[in-house]
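**Student:** My questions concern the predicted model and sequence given below.
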Amino acid sequence: MISYTSFAFFILYFGITFLLYTIMPKKAKWCALLLGSWVFYFISSRGHVLPLTAATLLVWAAGLGIQGLENRFRTLRKTVDKPQRKVLKKKYNTYKSLVLAAGAVSTLGILLVCKYANFFIDTANTLLRADWPAADIVQPLGISFYTLQAVSYLTDVYRGKIEARKNPLRISLYLSFMLTVVEGPIARYDQLGTALETGNSFSAQQIVRGVERVAWGLFKKVVIADRAAEFVRHVFDMENDYTGVVVLAAILFYTLQLYCEFSGVMDVMCGLAEMMGITVPENFNRPFFARTINEFWQRWHISLGTWLRDYIFYPISLSKPFKKLTKAARKKHNPYYANLLPTAVALFFVWFTNGFWHGAGWKYIAYGLYYYVLMMLGLFLEPLFAKLCKALHINRAGKGYRLFQTVRTFAIVNVGMCIFRADSLSHAASLLVSIVTNPNLAALMPGHGNGLELDLGDYGILVLGTGVLFLVSLLQEKGVDLRARISRLPFLVKLLGFLAAGAVIVVFGAYGDGYGVVDLIYANF
């Protein structure tokens, strides 16, 4: 695909689209976005546009079907008395549910076939000792992202949160928008779709603020993430039997790489959208300051977490059967654990879906369930842990304890990252075990003959870059609005700052001789 951080994207795709967007009349601006998004997606996906087109048409038709039934109900309810209205409402809700299910299942079916067909075939071959050949299917670009957006659109139409769009091109723009189709965020229609439909006027201030955000994202992606990727690749993908501190460093570097790449690209996309006056939902909120797993996932890939919460967790945990089950359990068991019952079941489906969404493999399912098991252990042991802390006079609100929680959560996340990055579960297990073997710190040093491809300059840039990232994040965590302070600086100072930032990215970016092309990690999902 065409990289979001390449000159080709900035100049040929976004640049031309932005130019058309600024000069076209307000009511037609969305057409410029649609045309640019179509061209970008067609070229990036090498013409594999049929799944996206099919999903768009299915969602459009199902949305109109749901809306039509709702409109029909609103008309008929005025002609009957109150008792009949309840019967009528139940009848039309059933019809709407069937249309929603048909649209959602059909759209998810495209995802399952295109992304998971070979996973199902491999699993069946293992279980049945068969030898079915793999399917020759190309995974469509961004299918995991636009599928969840499609399901959220249909569900929100069903819930009456939005009205179905009559024009299928509006749906097409929402699902294929060039700044979100590859890596998200997974935006709702009322968050993104309506913003894309509303043409925005040109503003010099939003251009400046957008450039600020783009520069910060490029710094994280090109200077930090792409440089850390070299170290990670040589430890995880090469045949060398790295052990001890080298493996530990590779896991930490991968966590750094993934965060700086994913959040950096989000910064770039949010900045480019801001230049057009479009607000794209935030996807990261300084996750490594989190003190619990739950808080971490409220700060990391926020749009995925809120999607799973609103469309899986709440529908299951607040359903009538689980309400009845909880009520019955309270009469016989401890109310705390009785209330945990629907939460435990709903969270299982949340974390299973989280892992399965990330990739077609058992390691991804294990990755999701890893967090589920730890989260449930924390919830079930909370009463016991609270009593223990009270007995030991541990102040759970103190700074020391909060620091312990942050370090503990960071360690848990890095184990999860090892599972996520390793080739298989067995590979992840061997890497984690190898950390405690041969703890040779010298193996990390440049010129040690370890083949890690980082020299002293690379290490220095990574340390300084990570230090800048930490300092900025810490100030933001303390409530300091750095962007507001930058906006108040004199124009000349801001201009010099932009030039300096550009120079840092150009001079210290990890590209050119000695560095491989680093594909976007989440573009594969």
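**Tutor:** Received the coordinates, thanks.
**Student:** SS state for V480?
**Tutor:** The three-state assignment at V480 reads coil, by DSSP: H, G, I helix; E, B strand; the rest coil.
**Student:** Next, it: phi, psi?
**Tutor:** phi -80, psi 120 (degrees, to the nearest 10).
**Student:** ok, it - how many residues close by?
**Tutor:** 12 (other Cβ atoms under 10 Å). All C-beta atoms are positioned from the backbone trio N, CA, C, and that covers glycine.
**Student:** swap in the one 5 residues further on?
**Tutor:** Burial of R485, expressed as a neighbour count using other Cβ under 10 Å, amounts to 10.
**Student:** Please identify the helix or strand for it.
**Tutor:** R485 is part of helix 482-487 when elements are defined by DSSP states H and E.
**Student:** ok, and what's touching that helix?
**Tutor:** Q205, V208, R209, E212, R213, V472, L475, Q476, K494, G497 (Cβ atoms under 8 Å, 6 or more residues apart in numbering).
**Student:** which one among those gets closest to P383?
**Tutor:** Each of the contacts of helix 482-487 was checked against P383 using Cβ to Cβ; the closest is Q476, at 34.7 Å.
**Student:** Can you tell me how far the closest one is from A225?
**Tutor:** Q476 is 19 Å from A225, where distance means Cβ to Cβ, to the nearest Å.
**Student:** more crowded one of those two?
**Tutor:** A225 (28 against 15).
**Student:** could you list every residue that touches the more buried one?
**Tutor:** L256, Q257, L258, Y259, C260, E261, G264, V518.
**Student:** hmm, 6 Å instead?
**Tutor:** For A225, the contacting residues are Q257, C260, E261, by Cβ atoms under 6 Å, 6 or more residues apart in numbering.
**Student:** Quick check: pLDDT value at the residue of the chain most remote from its centre.
**Tutor:** Distance to the chain centre peaks in the chain at D81, reaching 47.9 Å (criterion: Cα atoms, centre = their mean). Confidence at D81, expressed as pLDDT, is 82.
**Student:** try T198
**Tutor:** 87.
**Student:** farthest-separated two in the contacts of helix 482-487?
**Tutor:** Largest pairwise distance in the contacts of helix 482-487, by Cβ to Cβ, is 22.4 Å, between Q205 and L475.
**Student:** Run through the stretch 351-500 of the chain and note the low-pLDDT ranges.
**Tutor:** Across the stretch 351-500 of the chain, the ranges flagged by pLDDT under 70 are 442, 446-451, 453.
**Student:** Excluding sequence neighbours, find me the nearest residue to F9.
**Tutor:** Spatial nearest neighbour of F9, chain neighbours left out: I2 (5.3 Å); criterion: Cβ to Cβ, 6 or more residues apart in numbering.
**Student:** dump the residue contacts of the one you found.
**Tutor:** By Cβ under 6 Å, 6+ apart, the neighbours of I2 are A8, F9, S44.
**Student:** Buried ones among those?
**Tutor:** F9, S44 (16 or more other Cβ atoms under 10 Å).
**Student:** Any idea which of the contacts of I2 the model trusts least?
**Tutor:** Comparing those by pLDDT, A8 comes last, at 84.
**Student:** pLDDT averaged over the strand or helix carrying R233 - what is it?
**Tutor:** Using DSSP H and E, the element containing R233 is helix 226-236. Averaging pLDDT along helix 226-236 yields 89.
**Student:** Against which helices or strands is that helix packed?
**Tutor:** helix 244-275 (3 or more Cβ pairs under 6 Å, 6 or more residues apart in numbering; DSSP states H and E).
**Student:** The helix it packs on vs helix 226-236, what angle?
**Tutor:** 140 degrees (axes from the mean of the first three to the mean of the last three Cα atoms, to 10 degrees).
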